[in-house]
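>>> here is a sequence together with a model predicted from it:
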Amino acid sequence: MLRSCSRGGAGAPDGPVAARGGAPCHARKRQARPRRCTLDGEARGVTAGDDVVELDHVSKRFGSFVAVHDAHFAIARGEFFAMLGPSGCGKTTTLRMIAGFETPTSGRIRLEGADVSRVPPYRRNVNTVFQQYALFPHMNVWDNVAFGPRSRKVRDEELRRRVGEMLDIVRLSEFAERRPAQLSGGEQQRVALARALVNYPSALLLDEPLGALDLKLRQAMQIELKRIQREVGITFVFVTHDQEEALTMSDRIAVMSEGCVEQIGAPEEIYHQPGTVFVAGFIGSANLFPATVGSSSGGDVDVSVAGRHLPVPARAVPGDLHPGSAATLMVRPERVRVIVGELANGYVGLPCRVRDLVFQGPVVRFALDAADGTEIVAHVAGDERLPLLRPGDEVFAGWERDAARLLPGTAPVPVGSDR
Ligand code: ATP
């Protein structure tokens with residue numbers, strides 16, 4: 001799913017939220033680059049038919065600061081949808097608008113087809129789970145979960161059935177009598193989930209719900225959350241800045257940057273076919289080489305990188321890049337081979353010198369320098385077939401032709417970023 005998120009730069013038409021003066025520093029920065037984030041129909045993730053949540057050109061301003069700009073996408077029934085991006089990119093604000101805690105400055109939000117843009121949170125059929133679970137400390141697990149349906153006057157028999165079902169799903173039936181203080185962090189998290197799900201919301205909204213857990217528990221809860229979501233079949237909308245979390249659990253991910261949705265797609269798509277330099281650099285490690293687009297012939301586009309001409313398959317080159325365009329060539333470090341001698345057929349690459357290498361068991365991490373100083377990172381399987389190499393050795397950094405993608409614009413970070 002490719003995107004067409006054009007940023008308003010010099011000469012670009014102003015989007016609906018144009019720059020205003022006199023704002024604090026961070027706001028000025030965001031305002032100085034007004035964008036038009038108009039993803040095309042497929043790319044904006046609008047699915048035909050059974051959409052539970054729809055954002056229709058939604059923007060949010062706080063004073064003159066643009067927190068969310070023209071978010072336009074839909075989330076389908078039963079989908080596990082993540083909003084991923086660095087701190088301050090607007091993901092929590094977007095979630096809070098879906099929940100009703102914030103009102104859009106412009107645009108509409110629909111739940112199950114009905115416009116809820118001005119409907120208060122308690123009248124929306126969504127529930128939110130926050131990082132702090134806010135369980136009632138004086139109530140046991142059963143009563144915590146029963147609280148919502150009880151206040152909605154659900155009858156006793158139905159109440160017992162629902163609470164029993166939810167405790168089963170989160171695997172806490174045997175802890176029904178315990179108070180929150182007698183539970184681990186992961187168990188408390190599952191109570192918070194059961195309490196939110198027992199109301200059968202149209203969508204469950206989760207704001208960094210695993211943030212308070214240690215790494216091991218967080219990883220276990222990622223698998224657990226996914227299982228629970230599959231079992232209940234309810235739409236989950238999840239906010240995180242943790243790419244591993246988003247890749248592990250989501251059916252689709254919306255990657256956000258500076259208030260703008262950069263790309264929406266399945267985890268594999270976001271990782272292998274990033275639409276922008278930002279997405280390529282934010283998800284995983286990436287070599288991001290400054291490049292210039294050349295002419296096309298025989299299904300390949302000639303791309304100039306580090307003083308050499310490399311053929312890139314035309315299908316890996318966005319249509320809006322023309323000869324002479326400045327661009328970025330992306331190659332994932334795990335696709336780069338360190339080759340001694342000649343490049344094999346089907347491979348392209350750059351002659352380099354080994355600057356550093358670190359053996360890490362299953363992977364050897366190489367830092368390589370091309371003749372013009374371009375840095376290349378390679379993650380090579382640490383098996384016995386790898387020739388013995390030392391800093392200073394001359395090699396080729398090579399990759400299969402279809403491992404590279406050309407992206408519009410130039411990299412904002414040094415090439416060969418390895419995080
Ligand atoms: P984090 O991961 O740190 O929570 P985020 O991507 O969820 O970040 P938001 O909380 O949506 O970011 O905030 C987006 C921007 O909007 C931030 O720069 C934030 O300071 C600003 N912002 C959020 N709420 C308000 C508010 N009520 N008034 C003014 N600015 C706000």
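Yep, it's here.

>>> tell me who's in contact with the closest residue to the ligand within the stretch 151-300 of the chain.
Using CB to the nearest ligand atom, the single residue of the stretch 151-300 of the chain nearest to the ligand is H241, 4.9 Å away. No exception for glycine: its C-beta is placed from N, CA and C like everyone else's. Counting by CB atoms under 8 Å, 6 or more residues apart in numbering, H241 makes contact with 84-87, 91, 208.

>>> go again with 10 Å.
83-89, 91-92, 208, 211, 256, 282 (CB atoms under 10 Å, 6 or more residues apart in numbering).

>>> for Q229, same thing?
With CB under 10 Å, 6+ apart, Q229 has these contacts: 78-80, 193, 197, 204, 206, 235-236, 238, 249, 251.

>>> who wins for neighbours among these?
Neighbour counts for the contacts of Q229 (other CB atoms under 10 Å) peak at L193, which has 28 neighbours.

>>> roughly how far does that residue sit from H138?
20 Å (CB to CB, to the nearest Å).

>>> what do you get for R179?
Counting by CB to CB, the gap from R179 to H138 is 7 Å.

>>> these two: which has the busier surroundings?
R179 (16 against 10).

>>> hmm, the more buried one is touching N140, no?
Yes: proximity of R179 to N140 meets the contact threshold set by CB atoms under 10 Å, at 5.6 Å.

>>> joint contacts of those two?
Common neighbours of R179 and N140 (CB under 10 Å, 6+ apart) do not exist.

>>> mind listing what's buried in stretch 193-207?
Judged by neighbour count using 16 or more other CB atoms under 10 Å, the buried positions of stretch 193-207 are 193-199, 201, 203-207.

>>> ditto for stretch 210-219
In stretch 210-219, counting by 16+ other CB under 10 Å, buried: 210, 212-213, 217-218.

>>> where does the prediction get shaky in the stretch 1-150 of the chain?
1-49 (pLDDT under 70).

>>> nope, the stretch 151-300 of the chain is what I meant
Checking the stretch 151-300 of the chain against pLDDT under 70 turns up nothing.

>>> interface residues of the stretch 201-350 of the chain facing the ligand?
H241 (CB under 6 Å from any ligand atom).

>>> can you pull out the helices in the stretch 201-350 of the chain?
215-232, 243-249, 267-272, 277-282 (DSSP state H, counting those that start in this stretch).

>>> present the ones you listed as a markdown table; the columns should include distance to P408.
Shown next, in a markdown table, are these (distance: least, CB to CB, whole Å):
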| stretch | distance to P408 |
| --- | --- |
| helix 215-232 | 33 |
| helix 243-249 | 22 |
| helix 267-272 | 16 |
| helix 277-282 | 8 |
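
>>> that'll do, ta.
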